[in-house]
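Chemist: what's the 3D shape of this:
(one chain, ligands or ions: 1)
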Amino acid sequence: MNLKKIVVIGAGTMGSGIAQWFAQQMCFVELVDNSEDQLKKALAEIHKSWDKLVEKEKLTNSQVNQMKKLLEIKSLNLVSKDTDLVVEAIIENLEIKKTLFQDLDHYFAPHTIISSNTSSFPITLMSEAVSAERKKRFVGLHFFNPATIMKLVEVIKGEKTDAKLCEDLYDWFDSKDKKPALSKDSPGFIVNRVARNFYGEPLRIVDVEDEAKMREVDQILKDVGGFKMGPFELMDLIGIDVNYSVTCSVWEAYNRESRFAPHELQKKMVEENRFGRKSKRGFYKYD
Ligand code: NAI
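Modeler: Residues are numbered from 1 along each chain as shown. All right, here's what the predicted structure looks like:
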């Protein structure tokens, strides 16, 4: 497998990081979003991040100039139809994703691999939106936040996904600076299933909004557990809206088992548009 042309759909937290990472692998990347403002903002942030890497001498000027040429922002109807791989990273909403996959199936060439960065929806369920042929080339590729830094990529095989395709993707990521893991198509895959309790239990411990208590829990888990970020800091980074959707969908998928139950505070924060770092207000405030 040789992935050279990539289309990333969704230029939010994940899509912009994924697009940046692929361009850093010297792939040609077309980044798409239904918000033009978000697209421009994402491109500016990626360029800023590359400029900083030059300042820190982690990349050279000539590498960054090449990467800047390789990454373009586009509207979906203008991207290359013969791209090798599409990575979908739009809002975590099953119906919206399925509608998009139906369109993508018609638009892209038969050889194009269509993948989803979903945190929680079964790949087999989403693949209902595409043709029998495309189902073989429909796969989960779950990156972690921030996508340029986190090594893990879960490669998720749907019921009809070609097993060889998953192995080839595994090998391709393995040959780059990623640590792939083949995962079953089960709710939350590997990490988001295990991590539900990393968020849910601290929320139940604190129970009501109390910044001092949240800071204390974050600090304890960093000091004692060796985690780089505490659960409240991490939820703010992920996005409260995204984390809440994932919690709900994993909870539903496990027949509402109490250990996966969302917390009232998550729902309240989403209703108040407190999405974490991206809206400058989550459990904590950001400037
Ligand atoms: P986000 O809210 O930061 O970005 C989503 C972007 O998708 C927005 O820019 C929005 O304008 C765009 N969008 C929405 N509908 C669209 C459509 N129909 N066509 C084109 N663009 C559309 O969300 P985030 O955090 O980047 O999440 C994206 C996906 O990645 C979700 O499926 C999420 O579950 C998954 N994910 C999120 C992680 C995180 O830490 N935030 C980690 C791993 C996966």
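
Chemist: burial measure for the residue in the stretch 1-150 of the chain that the ligand sits nearest to, as a count.
Modeler: Of all residues in the stretch 1-150 of the chain, the one sitting closest to the ligand is G12 (1.8 Å; CB to the nearest ligand atom). Bear in mind the C-beta positions are built from the backbone N, C-alpha and C, glycine included. Per other CB atoms under 10 Å, the neighbour tally for G12 reads 18.

Chemist: contact partners for the residue of the stretch 151-287 of the chain found nearest the ligand?
Modeler: Among all residues of the stretch 151-287 of the chain, I238 sits closest to the ligand, at 3.7 Å; criterion: CB to the nearest ligand atom. Residues in contact with I238 (CB atoms under 8 Å, 6 or more residues apart in numbering) are T13, N145, G276.

Chemist: list the contacts of stretch 83-91.
Modeler: Counting by CB under 8 Å, 6+ apart, 2-10, 12, 14-15, 18, 22, 30, 34, 96-97, 100-101, 104, 108-109, 111-118, 141, 143 sit against stretch 83-91.

Chemist: try it again at 6 Å.
Modeler: Residues from elsewhere that reach stretch 83-91 (CB atoms under 6 Å, 6 or more residues apart in numbering): 3-10, 14-15, 18, 104, 112-117.

Chemist: from the contact counts, what lies against the longest helix anywhere in the chain?
Modeler: The longest helix of the chain (DSSP state H) is helix 36-55. Using 3 or more CB pairs under 6 Å, 6 or more residues apart in numbering; DSSP states H and E, the elements in contact with helix 36-55 are helix 61-70.

Chemist: could you check the angle helix 36-55 makes with the helix it packs on?
Modeler: On the basis of axes from the mean of the first three to the mean of the last three CA atoms, to 10 degrees, helix 61-70 is oriented at 170 degrees to helix 36-55.

Chemist: what residues sit buried inside helix 61-70?
Modeler: Using 16 or more other CB atoms under 10 Å as the test for burial, helix 61-70 gives V64, M67, L70.
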